[in-house]
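In: The sequence and its predicted three-dimensional model are supplied below.
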Amino acid sequence: MSRTILVNFIRFFALVFLQVFLLKNLTLYNLSTPYFYILFILLLPFETPNLLLFALAFILGITIDAFYDTPGLHAASCVLLAFVRILFISITVQKEGFDNEPEPTMSVMGFRWFFTYALILTLFHHFFLFNLEVFRFSEIPYTLSRFVLSSIFTVFLMLLTGFLFYRRKERT
C-alpha cells in the first residue's frame, strides 16, 4: 500500500510540473491545449475511497488553478471528473475484479477499455471546463472546437504515455 501512495505522490507532482511548466505554453493555433494533468485522477487505484478521490481531485484542480489564475475552474472540472470516473468504473468494471486489476492502466485493463475510459472522462472534463471558462452563447462554435481539439490532443498524449509505460499483462 505504501508503494502505491509513493507512486501516486510522485505522479501528482510530475503531472502538475509537466502541465504548468511545459504544456501550459503548448497550444495549437489557440484552439487546442492539452490538459494532461487529469491523468492523475484517471490512474488512481480502483480501491480509492470516494471521499479521498474527491479531495484529491479538488487539490489537483486548485493547484492547477493557482498556476493558471483561473479561480476554481479546474477544481470544479476535476471534481466532476472524479464523479464521472466513479460512475464509469461502477458500470464497466466488475466488483470482484478489483483484486486482479488494482489500477485502471492500459497495461492492466487493455487498450480498448482504457481508450474508452480516457476518452469519455476527458470529454466530460473538457466540456465542463471550456463552458465554465467562456460561459457565453455567442462563443459556442469556438468553444466546441476548442473542446473537441483539446480532448483529442489530451487523449493522444494519454495513449502515448500509456504505450511508453506499457507492460504486457501476465496471465497466471
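Out: Here it is on my side, so go on.
In: give me phi/psi at the residue nearest the centre of the chain?
Out: Of all residues in the chain, the one closest to the mean position by CA atoms, centre = their mean is residue 38, 2.6 Å from it. Main-chain dihedrals, residue 38, degrees, to the nearest 10: phi -70, psi -10.
In: now do the same end-to-end measure for stretch 35-49.
Out: 24 Å (CA to CA, to the nearest Å).
In: is it true that residue 162 touches residue 104?
Out: No. At 10.5 Å, residue 162 does not count as touching residue 104 under the criterion of CB atoms under 8 Å. Any C-beta I mention is one placed from the backbone N, CA and C, and that applies to glycine too.
In: returning to that earlier point: now do the contacts for the residue nearest to the centre of the chain.
Out: 78, 81, 121, 122, 125, 154 (CB atoms under 8 Å, 6 or more residues apart in numbering).
In: Against residue 12, how distant is it?
Out: Distance from residue 38 to residue 12, counting by CB to CB, to the nearest Å: 12 Å.
In: Please apply the same query to residue 142.
Out: Relative to residue 12, and taking CB to CB, residue 142 is found at 32 Å.
In: Of the two, which one has the most company?
Out: residue 12 (18 against 14; other CB atoms under 10 Å).
In: Identify the element of secondary structure that the more buried one sits within.
Out: helix 2-21 (DSSP states H and E).
In: returning to that earlier point: the more surrounded of residue 162 and residue 104?
Out: More crowded of residue 162 and residue 104, by other CB under 10 Å: residue 104, with 22 against 18.
In: Angles on the backbone of the more buried one, please.
Out: Torsion angles, degrees, to the nearest 10, at residue 104: phi -90, psi 70.
In: Number the chain from 573, please
Out: In the new numbering, first residue 573, that becomes residue 676.
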